[in-house]
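Undergrad: model this:
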Amino acid sequence: MALIVKKSQLPNAGKGLYTTKAIKKGEKVIEYKGEIIDWKEYEKRVARDEDGYLFFINKKKCIDAYHTPGHKARYANDAAGLSVVKGLKNNCKYEVFDDKCFIVAEKNINPGEEIFVTYTKVYWDCIRYNIKHGLYKTKKF
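TA: Numbering: from 1, shown residues only. This is a model prediction of the structure:
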């Protein structure tokens with residue numbers, strides 16, 4: 001898949017992931033890669049403010065892309081998150097196949113479109129709670 005990273009269309013989202021080729025509904029867009037750690041190690045990283053790119057598979061296997069900026073899947077944003085833009089909607093979802101995580105197209109995606117993936121309501125509820133209660137050491141959003 002031909003994917004590039006550039007400024008996201010979402011305000012304050014930083015970089016985004018874009019396709020240069022058409023992607024068909026149901027197609028795997030990219031594997032979500034990173035360092036494989038367990039939940040205890042992730043909790044230590046949260047305490048050091050080194051979090052934000054975790055995909056939880058189970059307590060013994062989490063994919064953490066925080067320290068691996070070369071893995072492009074980490075740049076896929078959620079169009080239904082904190083910075084919503086009218087007309088932009090999620091076009092992908094995360095799916096786990098044999099303990100590997102992939103971003104999978106939920107609709108046909110045209111060349112030049114940004115890849116938007118659902119992070120889940122639980123994720124955004126947690127983010128909003130943390131922002132409201134000042135639990136972030138640095139301003140991330």
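Undergrad: ranges for the strands of the protein?
TA: 3-7, 15-19, 28-32, 35-37, 54-58, 61-64, 92-97, 100-105 (DSSP state E).
Undergrad: the first one: which residues count as buried?
TA: It refers to strand 3-7. Leu3, Val5 (16 or more other C-beta atoms under 10 Å). Backbone N, C-alpha and C define where each C-beta goes, glycine included.
Undergrad: which strands or helices does it pack on?
TA: strand 15-19 (3 or more C-beta pairs under 8 Å, 6 or more residues apart in numbering; DSSP states H and E).
Undergrad: would you mark the buried spots in the strand it packs on?
TA: Gly16, Leu17, Tyr18, Thr19.
Undergrad: start to end distance for stretch 18-36?
TA: End-to-end distance for stretch 18-36, by C-alpha to C-alpha, to the nearest Å: 25 Å.
Undergrad: any weak-confidence spans in the protein?
TA: 1, 135-141 (pLDDT under 70).
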